[in-house]
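3D, please:
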Amino acid sequence: MEIRSFGENAAPKLLDERMIEGYAIVFERESRVMYDLERKRFFIEIIKSGAVSDELLRDCDIKALLEHNNQRLLARCNNGSGSLSLCKDDYGCMYRFVSPNTQDGNFAIEMIRRGDLFGSSFAYITDEKRNVEYSQRDGLLIRTVNKIDKLFDISIVSDPAYFGTDVTVRSLEGCLQYDKDNNYQIKIEKLRTQI
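Numbers count the residues shown, from 1 in each chain. Reported below is the predicted structural model:
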């Protein structure tokens, strides 16, 4: 399962006292440089607009969560119905729900209002061989996801991976400490010039 998150225009917003709306997925936009721990490589990812279909949104059990924590459920869309509304447009996959009158629901409203939770995220799987294409640009791998096979959750998060250079670079430095080829410091410096 892969997790991606967005900030800026995708961020969750309060439409009224309890209605929360945002974009879980943004189409045709390049991510920041990310690092694949398993394959030990840097890449930029693009989710194509055709990667999410109306059928996919109807056929999955998708939960709205806080920080991808299943114990912090805010809403749910199970096979196309429930308290979570999902739709796609030219920009991406939008979500909307009325925040529940629970401790987590009230927490989400307050943290969005204060600006402490400002990212939207999603968890998904895809068949790497059939649905993903790779290319290179300026020596960097571009990973293009043409189809998502299953969506698990959309989540309101505090640190969106596609927003904020400092957050991305810090997290990459943590990942690269596990890189056994001892070139991670050189890679970080090169990466900083690209971001």
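
specify the local secondary structure of K147.
Put simply, K147 is coil when judged by DSSP: H, G, I helix; E, B strand; the rest coil.

hmm, it is touching E55, no?
No. Using C-beta atoms under 8 Å as the test, K147 is too far from E55 to be in contact (11.2 Å). All C-beta spots, glycine's among them, are computed from the backbone N, C-alpha and C.

higher neighbour count, the two?
Counted by other C-beta atoms under 10 Å, K147 and E55 do not tie: K147 has more neighbours, with 16 against 9.

gap between that one and Y35?
Taking C-beta to C-beta, to the nearest Å as the measure, K147 falls 23 Å from Y35.

longest strand anywhere in the chain?
Assignment by DSSP state E gives strand 69-78 as the longest strand of the chain.

show me what that strand is in contact with.
Applying C-beta atoms under 8 Å, 6 or more residues apart in numbering, the contact partners of strand 69-78 are 20, 57, 60-66, 82-86, 97-100, 104-105, 108, 153, 156.

next SSE after that strand?
strand 81-82 (DSSP states H and E).

all strands for this protein, in order.
2-6, 13-14, 19-26, 34-36, 41-47, 61-66, 69-78, 81-82, 84-88, 92-98, 119-125, 132-137, 140-145, 150-157.

for the ones you listed, which one sits closest to I112?
strand 13-14 (5.6 Å; C-beta to C-beta).

so, low pLDDT: which residues of the protein?
Within the chain, the stretches with pLDDT under 70 are 1-10, 161-195.

how about a cut-off of 50?
Scanning the chain for pLDDT under 50 picks out the ranges 163-182, 184-185, 188, 191-195.

number of nearby residues for the residue lying closest to S83 once chain neighbours are set aside?
Counting by C-beta to C-beta, 6 or more residues apart in numbering, S83 lies nearest to A75, which is 4.2 Å off, once chain neighbours are set aside. By other C-beta under 10 Å, 22 other residues sit near A75.

perfect, I'm done here.
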